[in-house]
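[1] attaching a predicted model along with its sequence, questions to come.
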Amino acid sequence: MWVGTEGGLALLDVPTGRFLRRLATDTVPRLPSARVRALHRERDGSLWAGFYDGGVARLSADRRSVEAHRHDDRNPTSLTAGPVRAILRDSGGRLWVGTAGGLDLLQEDGSFHHYVHR
């Protein structure tokens, strides 16, 4: 079972209570941040992590690569700024990311559509 911590992701072996692996900003693959606040496991075994200091990352099922998405002030279709609070894939297969700044929907091209409460 993967656990999000202040120091990154840790793989917990539940029967023994031991942590088997750790992923953080100083490991390979490298996470874009260590302060994990949200997790979502995909059917294919990949894992999405959302971070307190913003951004989400998808860890591949083989745990060899990380695809990161962060806010970029120069790109209006980047992820909304702020801590990530939730990640969910809905019944239609769409990935939603809840941040302190609003709700974002990941598009097929890697951009985000923003839903912001005003």
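    Cool, the structure landed.
[2] okay, the residue of the chain positioned farthest from its centre: pLDDT?
    No residue in the chain sits farther from the centre than Thr16, which is 26.6 Å out by CA atoms, centre = their mean. Thr16 carries a pLDDT score of 97 in this model.
[3] can you tell me how far it sits from Asp72?
    Separation of Thr16 from Asp72 (CB to CB, to the nearest Å): 42 Å. Where C-beta positions appear, they are placed from N, C-alpha and C, glycine not excepted.
[4] list the buried residues of stretch 84-100.
    Under the neighbour-count criterion of 16 or more other CB atoms under 10 Å, stretch 84-100 has 84, 87, 95-99 buried.
[5] tell me the two of those that are most distant?
    Leu95 and Thr99 (13.2 Å; CB to CB).
[6] give the contact list for the residue farthest from the centre of the chain.
    If a contact means CB atoms under 8 Å, 6 or more residues apart in numbering, then Thr16 has no contacts.
[7] before we move on, the earlier item: just the buried residues of stretch 84-100: which are in strands?
    Counting by DSSP state E, those place 84, 87, 95-99 in strands.
[8] can you check the pLDDT for the spatially most central residue of the chain?
    Centroid-nearest residue in the chain: Ala49, 2.4 Å away (criterion: CA atoms, centre = their mean). You'll see Ala49 listed with a pLDDT of 97.
[9] can you list contacts of the host helix or strand of it?
    According to DSSP states H and E, Ala49 maps onto strand 47-51. With contact meaning CB under 8 Å, 6+ apart, strand 47-51 is reached by 2, 4, 9, 31-42, 56-59, 83-87, 95, 97, 99.
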